[in-house]
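Q: When you get a sec, could you give me coordinates for this:
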Amino acid sequence: MPPIYPTLSILVRKSLKALMAMGGLPLVALFGIGAFAFFVQLSEEVLEGETHGWDEAVLLAMRVPGDMSNPLGPHWLEEAARDITSLGGYAVLWLVSLAAIGYLLMVRERAEAMLVAVSVAGGTALNSLLKIGFGRPRPELVSPLADVFTASFPSGHAMMSAVTYLTLGVMLAQTQEKRRAAAFILAMAAIVTVLVGVSRIYLGVHWPSDVLAGWCAGAAWAMFCWVAAAWFDMRRRAKRPE
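A: The predicted model follows:
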């Protein structure tokens with residue numbers, strides 16, 4: 001039985017052929033560049049303190065007036081936020097990633113397995129370096145409703161959710177013949193990523209700008225990995241003898 005996932009070479013070739021036929025840079029690369037540019041701009045504003053006003057306003061809007069330890073909404077919503085935020089935790093993301101890598105190796109799709117491994121491992125290392133470099137303190141305006149151990153900027157949950165779920169979502173969507181099915185998969189990957197980020201703000205462990213930066217950095221890194229994979233695939237095919 002042929003493997004469920006088509007090879008990375010076929011995926012990349014089809015994607016590039018369709019995109020280049022449109023007469024411009026690949027849309028994936030453009031999206032990644034846009035996300036990176038937004039991250040850089042947001043980082044500058046954070047360092048200059050320009051986001052402080054709306055960061056505080058959003059955090060306060062999610063708390064009961066006069067009680068900074070009590071989030072808006074019923075108690076079950078707080079518990080749901082904790083459940084959702086766990087989907088962006090390193091333990092869950094690495095479990096999902098290792099399961100995907102193991103499956104891809106089992107069906108001998110080594111290129112795709114390498115892509116997932118590099119995306120997730122590289123994203124983890126990049127997020128740690130960014131946190132150390134910026135060293136932004138966690139919010140003290142409201143009482144945190146979850147334990148945290150690292151710096152605040154950018155949000156690791158938001159960034160790694162974008163890296164992991166978008167990477168896996170794009171790979172799975174590429175296997176679908178119907179556009180609606182592919183669009184549904186990509187939409188679900190994006191929705192989970194957004195919900196994880198929002199839950200971090202709701203729980204009071206991140207400034208909104210941390211989450212925005214995490215989404216942008218994660219999307220940019222995921223797109224960079226896809227473009228890099230495409231470039232290596234093109235070079236490999238170009239070296240093949242006719």
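
Q: So in the chain, which helix runs the longest?
A: helix 208-238 (DSSP state H).

Q: Can you give the distance from that one to the centre of its chain?
A: In terms of Cα atoms, centre = their mean, to the nearest Å, the centre of helix 208-238 is set 10 Å apart from its chain centre.

Q: tell me what that helix is packed against?
A: If you count contacts as 3 or more Cβ pairs under 8 Å, 6 or more residues apart in numbering; DSSP states H and E, helix 208-238 packs onto helix 8-20, helix 27-47, helix 52-61, helix 110-134, helix 156-173, helix 179-202. Heads up, the C-betas are built off the backbone N, CA and C, glycines and all.

Q: Kindly compare burial across the ones you listed and name the winner.
A: Greatest average neighbour count among the helices and strands packed on helix 208-238 goes to helix 156-173 (a mean of 26), per mean count of other Cβ atoms under 10 Å.

Q: what residue lies at the spatial centre of the protein?
A: The centroid of the chain falls nearest to residue 162 when counting by Cα atoms, centre = their mean (1.0 Å).

Q: picking that back up, what average pLDDT does the longest helix of the chain get?
A: Per-residue pLDDT values over helix 208-238 give a mean of 85.

Q: And residue 152, how far from residue 168?
A: 26 Å (Cβ to Cβ, to the nearest Å).

Q: I meant residue 108, not that one.
A: For residue 108 relative to residue 168 (Cβ to Cβ), the value is 18 Å.

Q: From residue 58, how far off is residue 165?
A: 23 Å.

Q: and what of residue 195?
A: Taken as Cβ to Cβ, the span from residue 195 to residue 58 is 16 Å.

Q: For residue 112, which non-adjacent residue is spatially closest?
A: Among residues not flanking residue 112 along the chain, residue 104 sits closest, at 4.8 Å (Cβ to Cβ, 6 or more residues apart in numbering).

Q: Do I have it right that that neighbour meets residue 113?
A: Yes. Counting by Cβ atoms under 8 Å, residue 104 does reach residue 113; the two are 3.9 Å apart.
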